[in-house]
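**Student:** got a sequence here, can you model it:
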Amino acid sequence: MINLTSYLLFAETRMSDVNLDYKETAVATSDSSQWILIAAAIVVGSLLLAWQIQRRIARNAHSSVSLFGDLCYAHRINGKGCKLLQAIADEASLPQPAMLFLADHHFDSALATAKQTMTLKPDQLATIAMVRRRMFSS
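**Tutor:** Next up is the predicted model:
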């Protein structure tokens with residue numbers, strides 16, 4: 001019986017020492033509410049950014065620039081040819097650059113008008129001939 005009593009007394013003393021050690025080495029925890037606010041701000045910011053990107057894509061989906069780019073892609077016209085067609089449409093004062101793709105007489109009249117105001121180099125004329133073949137050859 002003495003053994004059991006002394007063992008319990010020793011265990012209680014030992015536990016109180018451990019408790020004191022724990023209190024002395026306890027580390028103060030930081031306030032986690034600031035991290036929750038930061039995480040919420042990041043989530044909200046990401047959602048707003050995704051929404052703006054989606055709106056911009058939807059807005060550009062039906063514009064004259066995207067139609068012109070899609071037609072150039074469909075006819076396999078490279079970037080140099082697309083820039084040249086855009087310059088021809090600008091010089092011919094076409095309201096819609098995609099009008100060049102409607103028929104060959106639209107293309108030829110716009111090219112004739114553009115030749116009056118801009119000078120075309122031989123490599124540009126070769127590119128125009130290649131583009132015209134791709135657009136109107138059956």
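**Student:** can you list the domains in this protein?
**Tutor:** 2-60, 64-136 (automatic domain parsing).
**Student:** deepest of those, which one?
**Tutor:** domain 64-136 (a mean of 15; mean count of other C-beta atoms under 10 Å). No exception for glycine: its C-beta is placed from N, CA and C like everyone else's.
**Student:** gap between the two ends of that domain?
**Tutor:** Distance between the two ends of domain 64-136: 21 Å, counting by C-alpha to C-alpha, to the nearest Å.
**Student:** reformat the domains of the chain as CSV; add mean pLDDT.
**Tutor:** Shown next, in CSV, are the domains of the chain (pLDDT from 0 to 100):
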stretch, mean pLDDT
domain 2-60, 74
domain 64-136, 90
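**Student:** quick one: Pro97 and Leu84 touch, right?
**Tutor:** No - applying C-beta atoms under 8 Å as the test, Pro97 and Leu84 come out as separate, 11.5 Å apart.
**Student:** got the contact list for the most centrally placed residue in the chain?
**Tutor:** The centroid of the chain falls nearest to Ile53 when counting by C-alpha atoms, centre = their mean (6.7 Å). Residues near Ile53 by C-beta atoms under 8 Å, 6 or more residues apart in numbering: none.
**Student:** which helix or strand contains it?
**Tutor:** Per DSSP states H and E: Ile53 is located in helix 33-60.
**Student:** now the element after that helix, going C-ward?
**Tutor:** Counting by DSSP H and E, what follows helix 33-60 is helix 64-74.
**Student:** quick one: the helix or strand following that following helix to helix 64-74, angle?
**Tutor:** Heading C-terminal from helix 64-74, the first helix or strand you meet, by DSSP H and E, is helix 79-91. Interaxial angle of helix 79-91 relative to helix 64-74 (axes from the mean of the first three to the mean of the last three C-alpha atoms, to 10 degrees): 140 degrees.
**Student:** quick one: contacts of helix 79-91?
**Tutor:** Contacting residues not belonging to helix 79-91 are listed as 68-69, 72, 77, 97, 99-100, 110-111, 113-114, 117-118, 124, 127-128, 130-131 [C-beta under 8 Å, 6+ apart].
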